[in-house]
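Engineer: Let me see the structure of the following:
(one chain, ligands or ions: 2)
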Amino acid sequence: MIKNPHFDVVYGDAGDHAYVDFTDVDVRIPMFVYLSREKRPGYDHNKKAGAMNAMVRASAVLSNGPFMLNFDCDHYVYNCQAIREAMCYMLDRGGDRICYIQFPQRFEGIDPSDRYANHNTVFFDGNMRALDGLQGPMYVGTGCLFRRYAIYGFNPPRVTEYHGVVGQTKVPIDAHTRSAGGDEELRPLTDHPDHEAPQRFGKSKTFVESIAVAEYQGRPLQDHPSVRNGRPPGALLMPRPPLDAATVAEAVSLISCWYEDSTEWGLRVGWIYGSVTEDVVTGYRMHNRGWRSVYCITKRDAFRGTAPINLTDRLHQVLRWATGSVEIFFSKNNALCASRRLMFLQRMSYLNVGIYPFTSLFLIMYCLLPALSLFSGQFIVATLDPTFLCYLLLITTTLILLCLLEVKWSGIGLEEWWRNEQFWVIGGTSAHLAAVLQGLLKVTAGIEISFTLTAKAAAEDDDDPYAELYLIKWTSLFIPPLAIIGINIIAMVVGVSRCVYAEIPQYSKLLGGGFFSFWVLAHYYPFAKGLMGRRGRTPTLVYVWAGLISITVSLLWITISPPDDRISQGGIEV
Ligand SMILES: O=c1ccn([C@@H]2O[C@H](COP(=O)(O)OP(=O)(O)O[C@H]3O[C@H](CO)[C@@H](O)[C@H](O)[C@H]3O)[C@@H](O)[C@H]2O)c(=O)[nH]1
Ligand SMILES: [Mn+2]
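Structural biologist: Ligands and ions are numbered 1, 2, ... in the order given. Next up is the predicted model:
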């Protein structure tokens, strides 16, 4: 429907049904345009980022809305008032420096116990909320309202720079008061020499002309002296001229596959190419220029989407995110190279985004350490002396305090928190590890990683809406967690038998090692449950793997410390 809605409000008819009365309802239908960018062999379509950029350009000539809402194909609007709430931030005082308003991702169709932490509550109600106080949350790909002008790679009208080791000195910089000869990027848009446009935005004149309009219309309302870089009210109420054939033809040329050739689309303009987590990178670039963002949690969920609820798809999703993070770590988007416009803690947080998959290496060691101590009969430390116990107490208290903070402050339940912890360990020892390996492959050998779409829920089963949950598709991502579970179980058996058959049973050592081993296993409970499938339908594959791993480990253990050795020495020494 490439037709602008009528300018005047059009009210509906009473109709002949008692309940459906449209007399008070504005029945105008907004302009609706379906777009599909051109894909052609020989041209990299750049996945989602490419699709978004085509859409941004075409919409600039079709409607040129100063604000844009972006969704994934698996999300939809759940609260029609949400956009209005976001607009309040954009149009109010301080709105001139806001690049986007991010809403939390909420999901539907997830099993009630949320076995694989699909709701991601610690992230969406804890971390993102905290980031809101550090100049803004990250962009997470969907449910986000953008200022069109910020997408184009321009700088905000004013920024704050943080100088000093921990960014303790604030330096405000106002683009309008600076001389044109200053920072090239900071010059106001009107100063931008036009000849630059083809290299930057491509050859479309109509598109380049639309930029200044979008910038002006997107400014906050100048209804109070404290509003900076505002505009008088009414700029958005101007009737739009109807679209003619020439404009539509222009839009079509803007979504052709060659349009971006030798332009800066995907490099500095629009959604950034070359990462499987283009969302984080795109948001980071904006923050790096000094834009701020806002996290908007509405009472009624703003938008909702679906998520993969079976173990395999979930792990693959986490794998893709972690791979994106590793890519960020090895790219110029690493927060170590961030500009001074990032706050110190914000930089730390972006640094964490790039680093977290690497924690898998340590996590795996931690998961194997208790088993090692049970196998060897040596506890993690030589003796349970007060120093060790003090350390243990300190770490445990920190952990509990962190948990309390997250639970109390973000309002999530203890159970949800525990699910998140469990999935962190499961994902950490499988997907994160694979991501680190994949990322290293890409950096060192240049082997590319493909963007596999997150599997969407299959047709619903009438008997069981969560039938998806029990689906098991074998993936090599299962190997490390299976190995850790197997090794820990065997270690427990070995530890107990060693203690029982020993002349002088050392229960404290057993208790120490056993406790930590159990702690590790508790984290893997959802994983194990997932592998069991529906009750009574355990796939044979699981038994085969479990058997294989236990035999290997037993053999390994026998070679390292023969059993007769153990009996004669009373299980104290190896
Ligand atoms: O060639 C492509 C591939 C993807 N998409 C879109 O990108 C989204 C990708 O997300 P999905 O497969 O649903 O993966 P999720 O893991 O659910 O997505 C999260 O993580 C992605 C980054 O890995 C972000 O792009 C998403 O916005 C964010 O919701 C899809 O919904 C599509 O709308 C395209 O338009 N074209
Ligand atoms: Mn999705």
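Engineer: Assess the claim that Ile484 and Pro370 are in contact.
Structural biologist: No. Contact criterion Cβ atoms under 8 Å: Ile484 and Pro370 do not qualify, at 10.2 Å. Heads up, the C-betas are built off the backbone N, CA and C, glycines and all.
Engineer: list residues touching both of these two?
Structural biologist: Val520 (Cβ atoms under 8 Å, 6 or more residues apart in numbering).
Engineer: mind checking the SS state of whatever residue of the stretch 51-200 of the chain ends up closest to ligand 1?
Structural biologist: Nearest residue of the stretch 51-200 of the chain to ligand 1, counting by Cβ to the nearest ligand atom: Gly141, 2.0 Å away. Taken by DSSP: H, G, I helix; E, B strand; the rest coil, the conformation at Gly141 corresponds to coil.
Engineer: how many other residues sit next to the residue lying closest to it once chain neighbours are set aside?
Structural biologist: Distances taken as Cβ to Cβ, 6 or more residues apart in numbering place Asp279 nearest to Gly141, at 3.6 Å, with adjacent residues excluded. Residues lying near Asp279 (other Cβ atoms under 10 Å) number 25.
Engineer: what residues are up against Asp279?
Structural biologist: Here Asp279 is in contact with Met138, Tyr139, Val140, Gly141 (Cβ under 8 Å, 6+ apart).
Engineer: From Phe107, how far off is Tyr356?
Structural biologist: Distance from Tyr356 to Phe107, counting by Cβ to Cβ, to the nearest Å: 22 Å.
Engineer: now swap in Val171 and tell me
Structural biologist: Computed as Cβ to Cβ, the Val171 to Phe107 distance reads 42 Å.
Engineer: more neighbours, these two?
Structural biologist: Phe107 (18 against 12).
Engineer: Let me know whether that one touches Pro308 as I believe.
Structural biologist: No. Using Cβ under 8 Å, Phe107 is not in contact with Pro308, being 10.0 Å away.
Engineer: joint contacts of these two?
Structural biologist: Residues touching both Phe107 and Pro308 (Cβ under 8 Å, 6+ apart) are Asn118.
Engineer: Find the residue closest to Leu521 in space, skipping its chain neighbours.
Structural biologist: Asn488 (5.4 Å).
Engineer: which ones are touching that neighbour?
Structural biologist: Neighbours of Asn488 in contact, by Cβ under 8 Å, 6+ apart: Cys367, Pro370, Ala371, Ser517, Val520, Leu521.
Engineer: What average pLDDT does stretch 120-138 get?
Structural biologist: For stretch 120-138, the mean per-residue pLDDT is 93.
Engineer: hmm, I was thinking of stretch 246-256
Structural biologist: 93.
Engineer: Show me the helices in the stretch 351-500 of the chain, by range?
Structural biologist: Counting by DSSP state H, counting those that start in this stretch, the stretch 351-500 of the chain has helices at residues 359-376, 386-410, 414-429, 431-445, 479-501.
Engineer: Is it possible to get JSON lines of these that adds mean pLDDT and distance to Glu327?
Structural biologist: Output for the helices of the stretch 351-500 of the chain, formatted as JSON lines (pLDDT from 0 to 100; distance: least, Cβ to Cβ, whole Å):
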{"stretch": "helix 359-376", "mean pLDDT": "91", "distance to Glu327": "16"}
{"stretch": "helix 386-410", "mean pLDDT": "87", "distance to Glu327": "28"}
{"stretch": "helix 414-429", "mean pLDDT": "92", "distance to Glu327": "17"}
{"stretch": "helix 431-445", "mean pLDDT": "88", "distance to Glu327": "6"}
{"stretch": "helix 479-501", "mean pLDDT": "88", "distance to Glu327": "21"}
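Engineer: Can you add distance to Trp321 and give the ones you listed back as JSON lines?
Structural biologist: Listed next are these as JSON lines, based on distance: least, Cβ to Cβ, whole Å:
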{"stretch": "helix 359-376", "distance to Trp321": "13"}
{"stretch": "helix 386-410", "distance to Trp321": "20"}
{"stretch": "helix 414-429", "distance to Trp321": "9"}
{"stretch": "helix 431-445", "distance to Trp321": "8"}
{"stretch": "helix 479-501", "distance to Trp321": "18"}
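Engineer: And the residue of the stretch 51-200 of the chain closest to ligand 2?
Structural biologist: Asp74 (4.3 Å; Cβ to the ion).
Engineer: Tell me how many other residues surround that residue.
Structural biologist: Neighbour tally, Asp74, other Cβ under 10 Å: 17.
Engineer: same check, this time on Lys39
Structural biologist: By the criterion of other Cβ under 10 Å, Lys39 has 11 neighbours.
Engineer: Now do the contacts for Leu91.
Structural biologist: Applying Cβ under 8 Å, 6+ apart, we find Leu91 in contact with Pro220, Leu221.
Engineer: no no, Tyr366
Structural biologist: Val520.
Engineer: residues touching Arg292, list them.
Structural biologist: Residues near Arg292 by Cβ under 8 Å, 6+ apart: Arg97, Ile98, Cys99, Gln135, Gly136, Pro156.
Engineer: By mean pLDDT, point me to the weakest helix or strand of this structure.
Structural biologist: Every helix and strand of the chain was ranked by mean pLDDT, DSSP states H and E. The lowest is helix 563-568, at a mean of 47.
Engineer: hang on, the earlier thing: among the contacts of Arg292, which are in helices?
Structural biologist: The helices in this structure, assigned by DSSP state H, contain none of the contacts of Arg292.
Engineer: check the residues you listed against ligand 2, which are close?
Structural biologist: Near ligand 2, taking Cβ under 5 Å from the ion as the test, no member of these is found.
Engineer: which one of those residues sits closest to Asp114?
Structural biologist: Gly136 (27.4 Å; Cβ to Cβ).
Engineer: tell me the pLDDT at the nearest residue to that closest one once chain neighbours are set aside?
Structural biologist: Of all residues not flanking Gly136 in the chain, Ser293 sits nearest, at 3.1 Å (Cβ to Cβ, 6+ apart). pLDDT, Ser293: 97.
Engineer: Report the beta-bridge partners for Ser293.
Structural biologist: Judged by DSSP bridges, the bridge partners of Ser293 are Tyr100.
Engineer: From Thr282, how far off is it?
Structural biologist: Noted for Ser293: a distance of 11 Å to Thr282, by Cβ to Cβ.
Engineer: Provide the count of other residues in contact range of the residue nearest to Asp125 when sequence neighbours are not counted.
Structural biologist: Nearest in space to Asp125, with sequence neighbours left out and distances taken as Cβ to Cβ, 6+ apart, is Ser410 at 4.0 Å. Per other Cβ under 10 Å, the neighbour tally for Ser410 reads 19.
Engineer: Kindly report the same for Gly143.
Structural biologist: Look at Gly143: counted by other Cβ under 10 Å, it has 28 neighbours.
Engineer: residues contacting it?
Structural biologist: Asn70, Phe71, His75, Gln102, Phe103, Pro104, Gln105, Ala302, Phe303, Gly305.
Engineer: which SSE is Met68 in?
Structural biologist: Secondary structure assignment for Met68, by DSSP states H and E: strand 67-70.
Engineer: If you count contacts, what does that strand end up packed against?
Structural biologist: Judged by 3 or more Cβ pairs under 8 Å, 6 or more residues apart in numbering; DSSP states H and E, the packing partners of strand 67-70 are helix 47-62, helix 82-91, strand 144-147, helix 148-151.
Engineer: out of these, which comes closest to Tyr162?
Structural biologist: Comparing the helices and strands packed on strand 67-70 under Cβ to Cβ, the one sitting nearest is helix 148-151, at 20.0 Å.
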